[in-house]
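Chemist: Turn this into a model:
(2 chains)
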Amino acid sequence: MVLIKRTALLVGLPVVSLAIWWLASAGSTDPYFPSLQKILAAFGPTWFEGGSGARILVDGVPSLLRLLTGFLLAVVIGVLGGVAIGLTTRVRAFFEPTLELMRAIPGPVLVPIISLFAGIGDGMKVAVIVTGCLWPILLNTVEGVRGVDPVMKETARSYHMRGLFRIRHLIIPAALPPIFAGMRQGLSVGIILMVISEMFAASNGLGFSVVQFQRNFAIPQMWTGILVLGLLGVAMSMIYRVIERSTLKWYHGMRESAKES
Amino acid sequence: MKINRWMLPLLGVLGLLTFAAVGEALPRFGIVREDDLPPTSIVLTRLIEMLGTADVWRAIGDTVVVWALGLTIATAAAIILGFLLGLFAPLRAATASTVEFLRPIPSVALIPLVVLLFGPRYESGLVLVIYAAFWQVLVQMMYGVTDTDPVADETARSYHFSIWGRIRHVLWPTALPYLMTGFRLAATVALVLTVTAQLLIGTPGLGQLITLSESSGQVPTTYALVLITGLMGVLVNLGVRWVEGRLLAWHPSIRAEVL
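Modeler: Below you'll find the model as predicted:
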C-alpha cells in the first residue's frame, strides 16, 4: 500500500502533465507548438535512425565528450589549485580578489574571447567549459580547506601528520562537502557552456543540431532536440547525485545523526 | 611575521596588480599575440574611453533591466509557490519528482524556441532568465519550508494562528536563510542568462556589443566589455551579500561573524 502511494506520488504529476500536454496540443495548428504526438513521432527518426550515422552518435557523443573532458579537467585543476591556495592565509588573501573577479565574469562571454586563442574547434569548447566550471569548484575548495575544523587540525598536528599525508587524510576529506557543492554548480554551468559554445560556432554537437533545426524551421525536430538537452541535464544530475551520495555517505550519515540527537 | 588587519586586503590588491602586470607582459614580450590578448593598459584605456559613451551605458542599462526584471519575477513566483508547498505537505509530496525533473533542464535548451517566438527582443532573454532563476530559488525554498521546527509549527497551530500568521511567524523566518542562498545563486545565473541571450540571440545589451566587436575584430573593445560584465558580476555578488547581511542580521550564520 505504501509502495503504491509512493509510486503514485512519484509519477502522478508527471503523467498528468504529459497527458495535459498531449491533449492540449493534439491537432495543434500553431507552427511553433506542434502536437506532442508529432514531436514524439519525430523523436526516433531524428536521433536514432541511420545506424552509425545516427544523430545521437554523430552529435551526442562529441558533446558528451567535450562536457566530460572539460568538467573533469576543471575538477582536477580546481581541487589541486584550491588546496594549494587555501592552505596558507597569505596566499589566499593574494589570490582571492582576482579569483572573485574571474568568477564574476559570466561564462558565456568567454566564448568569443577563447575562440580568439583556440579557433572554433573542440579545443575551444573544452577550454570554455573548463574556464566556466573551474571557479565554483576552485573557490569552494579554498573555502572548504579554510573551514577545516580547528580541533581536527590540532589533533592532526599532535599526531605529527604532515605534508601529503595531512592533505590526503585531513584536508581533502574535510573539504569534500563544499567541493561537491562547487562541482554541482560547475556541472550545470558546464552543460550551459557546452550548448552555448556549440550554438556559437560548430559543425556538430547537440547545441549545433538544435539551432540547425530551428534555422531550417524543422520545428518538431527542434522540439525533440530540446527534449534531448533536457534529458541530458536530468541524466547528468542523477549520475552526479549517485556519485555524491556514495562519496559523501559518511557526511550525510553524520548530519542525520546530528539532526536526530 | 604577524598578520595585521591591513595586510590581507593589501595582498589582495597586490594580487590584482600582479594579474594585470602578467596581462601586460604576455603580449608585450610576444608570448601571446597582441591580436589575441591586448596588453592590460590598452584594455583599461579602452574601458575608460567606452565608459564615456552613451552606447555602453545604454547596453549596461538594458542588461540590468532584463536581469532585475527576470530575477524579481522568478523570485516572487518561487516564494509564493514555496510557501504553498510548505503549508500543504501532500502538495509537496506530489510535486517533488516533477521539480527534480524540470530543474536540471538547462535553460539554454529553450534558446531555439524563444528565438522563434520573440526573435531578438528582450522578451527572449527574460524567458531564459526567469526559467533559470526560478528553480534556484524554488529548490532552496523547498529545503527551507521543510526545515521548519515542528514544535514551533504545532505551537502556532494550537494558538490558532491564521495561515498568514503561520507564514509570517513560522515559515518565513525559517525559510529566509535558504531563500537568500537561492537568491544569491539565482542572481548570478540570471546575469549569465541575460548575457547569453544578448550574445547568441542578439537582444540589445552588453552581450550583443561583445558579439559585434568580436566579429569586427575590435579585440580591445571585446576585452573591455568582458571586463564590464565581470565588474557587474562582482557588484551583483556584493549587493546580494549586503542584502543578506541586512535581512539575516539576527541569524546565527551571520551573527557568528560579528561575535
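
Chemist: Need the nearest residue in space to A:Ile120, chain neighbours excluded.
Modeler: The shortest distance from A:Ile120 to any non-neighbouring residue, by C-beta to C-beta, 6 or more residues apart in numbering or on different chains, is to A:Ala201 (4.0 Å). Backbone N, C-alpha and C define where each C-beta goes, glycine included.

Chemist: The one you found and A:Asp122 touch, don't they?
Modeler: No. Using C-beta atoms under 8 Å, A:Ala201 is not in contact with A:Asp122, being 11.7 Å away.

Chemist: Under a three-state scheme, what state does the residue of the stretch 101-250 of chain B found nearest chain A occupy?
Modeler: In the stretch 101-250 of chain B, the residue that lies nearest chain A is B:Gly233 (2.8 Å; C-beta to the nearest C-beta). Classification of B:Gly233 by DSSP: H, G, I helix; E, B strand; the rest coil places it in helix.

Chemist: Need the pLDDT of it.
Modeler: Listed pLDDT for B:Gly233 reads 93.

Chemist: Could you report the neighbour count for the residue nearest to A:Ile120?
Modeler: 15 (other C-beta atoms under 10 Å in any protein chain shown).

Chemist: And it, its phi and psi?
Modeler: phi -160, psi 120 (degrees, to the nearest 10).

Chemist: which ones are touching it?
Modeler: For A:Ala201, the contact set (C-beta atoms under 8 Å, 6 or more residues apart in numbering or on different chains) comprises A:115, A:120, A:124.

Chemist: Secondary structure and neighbour count for those - can I get that in a markdown table?
Modeler: Below are the contacts of A:Ala201 laid out as a markdown table (DSSP: H, G, I helix; E, B strand; the rest coil; neighbours: other C-beta atoms under 10 Å in any protein chain shown):
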| residue | secondary structure | neighbour count |
| --- | --- | --- |
| A:Ser115 | helix | 20 |
| A:Ile120 | coil | 15 |
| A:Met124 | helix | 22 |
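
Chemist: Flag the least confident of the residues you listed.
Modeler: A:Ile120 (80).

Chemist: Show me where chain A has its helices.
Modeler: Taking DSSP state H, the helices of chain A run over residues A:2-25, A:36-48, A:55, A:61-86, A:89-104, A:110-118, A:122-146, A:150-158, A:163-166, A:172-200, A:206-215, A:219-247, A:249-260.

Chemist: Repeat that for the stretch 151-259 of chain B.
Modeler: B:163-166, B:172-200, B:206-215, B:219-247, B:252-258 (DSSP state H, counting those that start in this stretch).

Chemist: what's the average pLDDT for the last one?
Modeler: Predicted confidence along helix B:252-258 averages 55 (mean pLDDT).

Chemist: farthest residue from the center of chain A?
Modeler: Distance to the chain centre peaks in chain A at A:Ser158, reaching 39.8 Å (criterion: C-alpha atoms, centre = their mean).

Chemist: So for B:Leu85, which of the helices of chain A sits nearest?
Modeler: Of all the helices of chain A, helix A:2-25 sits nearest to B:Leu85, with 12.2 Å by C-beta to C-beta.

Chemist: In that closest one, which residues are buried?
Modeler: Buried positions in helix A:2-25, judged by neighbour count with 16 or more other C-beta atoms under 10 Å in any protein chain shown: A:9-10, A:12-13, A:25.

Chemist: Kindly report the same for stretch A:137-146.
Modeler: Neighbour-count burial for stretch A:137-146 [16+ other C-beta under 10 Å]: A:137-145.

Chemist: Can you give me every residue that contacts the residue of chain A found nearest chain B?
Modeler: Here the residue of chain A nearest chain B is A:Ala104; by C-beta to the nearest C-beta that distance is 2.8 Å. Contact partners of A:Ala104, counting by C-beta under 8 Å, 6+ apart, are B:188, B:230-234, B:236-237.

Chemist: residues near B:Thr155, how many?
Modeler: As a burial measure, B:Thr155 scores 13 neighbours (other C-beta under 10 Å).

Chemist: next one: A:Arg184
Modeler: The tally of other residues near A:Arg184 (other C-beta under 10 Å) stands at 17.

Chemist: Tell me if I'm right that it and A:Ile239 touch.
Modeler: No. Using C-beta under 8 Å, A:Arg184 makes no contact with A:Ile239, being 11.7 Å away.

Chemist: how about low-confidence regions in chain A?
Modeler: Across chain A, residues meeting the criterion (pLDDT under 70) sit at A:259-261.

Chemist: Recalculate using a threshold of 80.
Modeler: By pLDDT under 80, the weakly predicted segments of chain A are A:1-3, A:6, A:8-12, A:27-28, A:50-53, A:202, A:252, A:254-261.

Chemist: just to revisit the earlier point, what's the PyMOL syntax to select whichever of the contacts of A:Ala104 are buried?
Modeler: Burial among the contacts of A:Ala104 is assessed by 16+ other C-beta under 10 Å; the matching PyMOL selection reads:
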select buried, chain B and resi 188+230+232+233+234+236+237
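
Chemist: Tell me which two of the contacts of A:Ala104 sit farthest apart.
Modeler: B:Thr188 and B:Leu231 (14.0 Å).

Chemist: if we can go back for a sec, okay, the helices of chain A in JSON lines with distance to B:Val22 next?
Modeler: As requested, the helices of chain A are arranged in JSON lines below (distance: least, C-beta to C-beta, whole Å):
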{"stretch": "helix A:2-25", "distance to B:Val22": "51"}
{"stretch": "helix A:36-48", "distance to B:Val22": "46"}
{"stretch": "helix A:55", "distance to B:Val22": "43"}
{"stretch": "helix A:61-86", "distance to B:Val22": "16"}
{"stretch": "helix A:89-104", "distance to B:Val22": "10"}
{"stretch": "helix A:110-118", "distance to B:Val22": "15"}
{"stretch": "helix A:122-146", "distance to B:Val22": "16"}
{"stretch": "helix A:150-158", "distance to B:Val22": "33"}
{"stretch": "helix A:163-166", "distance to B:Val22": "29"}
{"stretch": "helix A:172-200", "distance to B:Val22": "24"}
{"stretch": "helix A:206-215", "distance to B:Val22": "32"}
{"stretch": "helix A:219-247", "distance to B:Val22": "34"}
{"stretch": "helix A:249-260", "distance to B:Val22": "38"}
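
Chemist: Okay, angle between the lengthiest helix in chain B and helix B:172-200 too, please.
Modeler: What stands out as the longest helix in chain B, according to DSSP H, is helix B:54-87. Orientation note: helix B:54-87 sits at an angle of 140 degrees relative to helix B:172-200 (axes from the mean of the first three to the mean of the last three C-alpha atoms, to 10 degrees).

Chemist: can you pull the buried residues of the next helix or strand after helix B:54-87?
Modeler: Using DSSP states H and E, the next helix or strand after helix B:54-87 towards the C-terminus is helix B:89-102. By 16+ other C-beta under 10 Å, the buried positions in helix B:89-102 come out as B:92-95, B:98-102.

Chemist: ok, now stretch B:154-171?
Modeler: Buried, per 16+ other C-beta under 10 Å, within stretch B:154-171: B:156, B:161, B:166-167, B:170-171.

Chemist: And the residue nearest the centre of chain A?
Modeler: What sits nearest the mean C-alpha location of chain A, by C-alpha atoms, centre = their mean, is A:Leu187, with 1.9 Å.

Chemist: That one against A:Cys133, yeah?
Modeler: Yes. Counting by C-beta under 8 Å, A:Leu187 sits close enough to A:Cys133 to count as a contact (7.1 Å).

Chemist: any common contacting residues for these two?
Modeler: A:Phe71.
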